[in-house]
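Visitor: Just the structure for this:
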Amino acid sequence: SYRMKYQSFIRSATKAYRYDGTKEGMLLKKAYDWIVFDLGGVLVELQGFGFFDPWTKNKKDEAEFGKLWLKSPSVRLYEAGKISSTDYAQRLVREMKLTCTAEEFHKSYKNFIKGPFEGAFGLLKELKHEYKVACLSNTNDIHWEGLLKQYPMDSYFDKLFLSYRIGLLKPDREIFVHVIDELKVSPSRILFFDDNLMNVEAARQAGIEAFRVKGPKEIKSKLRELGVDYKD
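Guide: Next up is the predicted model:
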């Protein structure tokens, strides 16, 4: 009915907009100034940890390998920009007891990223008409430079927070404090999407509005739920 549609519209509008305190609170302002995206698993599709199966003697399920990956000293050093890609390959092969050589791993690792999810970059372009858009990713020179060779990544974002460039990593609190300082807005005016629950929870603890999503379909669903307007 008309009444139900009207009520739905009002609920959506009150999520997407907030009172900004001016003119006795009668002027409505968008709820978010910045929409910040993780890269892998959110905008870009990854191979998954099954990628390492051919080089693993004692097979682990993907979830178990994923936990090892997140805690890996070699991965953290590399994605914080502290070691070279060559050093990283040597360290990781030893640490994970992979059966390949460091050279084989280094050559194959660029293929860990499959490519963008369908519609991901188009969504960013549409959102940029209404919002500032940023990327916050634990990544490395191999993967970022590989994407740059195929896509104009810099043009999709107003601000980049790439772990290997800034020397900070999710889910550490310091990286979220850095993002808030750089964006120069209240953390509640930042909307953040990540596929890792640890990162989402850490962002929330810093005051950022954060949600776990995987791929553009889930992003769009959450945007609709929050009443965030964009041209789809």
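Visitor: how about the strands in this structure?
Guide: 17-19, 28-30, 34-37, 44-46, 113-116, 132-137, 159-162, 190-194, 209-212 (DSSP state E).
Visitor: The nearest residue to residue 180 once chain neighbours are set aside and residue 104, how far apart?
Guide: Spatially, and ignoring its direct neighbours in sequence, residue 180 is nearest to residue 187 (5.0 Å; CB to CB, 6 or more residues apart in numbering). To be clear about C-beta, it is placed using only N, CA and C from the backbone, and glycine gets the same treatment. Separation of residue 187 from residue 104 (CB to CB, to the nearest Å) stands at 43 Å.
Visitor: Between these two, tell me which one has more neighbours.
Guide: Neighbours per residue (other CB atoms under 10 Å) separate residue 187 from residue 104, with residue 187 holding more: 18 against 15.
Visitor: show me what contacts the more buried one?
Guide: Contacts for residue 187 (CB atoms under 8 Å, 6 or more residues apart in numbering) come out as 176, 180, 206, 207, 208.
Visitor: Which of the residues you listed has the largest number of neighbours?
Guide: Top of those by neighbour count (other CB under 10 Å): residue 176, with 27 neighbours.
Visitor: what's the nearest residue to that one if we skip its chain neighbours?
Guide: Residue 176 sits nearest to residue 206 (CB to CB, 6+ apart), 3.9 Å away.
Visitor: What distance do you get for that neighbour to residue 220?
Guide: Residue 206 is 25 Å from residue 220, by CB to CB.
Visitor: Dead centre of this protein: give me the residue that sits there.
Guide: Taking CA atoms, centre = their mean, the centroid of the chain lies closest to residue 38, which sits 0.5 Å from it.
Visitor: what's the burial count for the residue nearest to residue 113 when sequence neighbours are not counted?
Guide: In space, and not counting its chain neighbours, residue 113 is closest to residue 143: 5.3 Å by CB to CB, 6+ apart. By other CB under 10 Å, 22 other residues sit near residue 143.
Visitor: pretty sure residue 143 contacts residue 111?
Guide: No. With contact defined as CB atoms under 8 Å, residue 143 does not reach residue 111; the gap is 10.0 Å.
Visitor: All the helices of this structure, residue numbers only.
Guide: Under the criterion DSSP state H, the chain contains helices at 2-16, 62-71, 73-79, 85-95, 102-109, 120-127, 141-150, 153-156, 163-166, 173-183, 197-205, 215-226.
Visitor: With distance to residue 33 as extra columns, can I get those helices in CSV?
Guide: CSV is the format used below for the helices of the chain (distance: least, CB to CB, whole Å):
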stretch, distance to residue 33
helix 2-16, 13
helix 62-71, 30
helix 73-79, 27
helix 85-95, 35
helix 102-109, 36
helix 120-127, 12
helix 141-150, 25
helix 153-156, 18
helix 163-166, 20
helix 173-183, 7
helix 197-205, 16
helix 215-226, 14
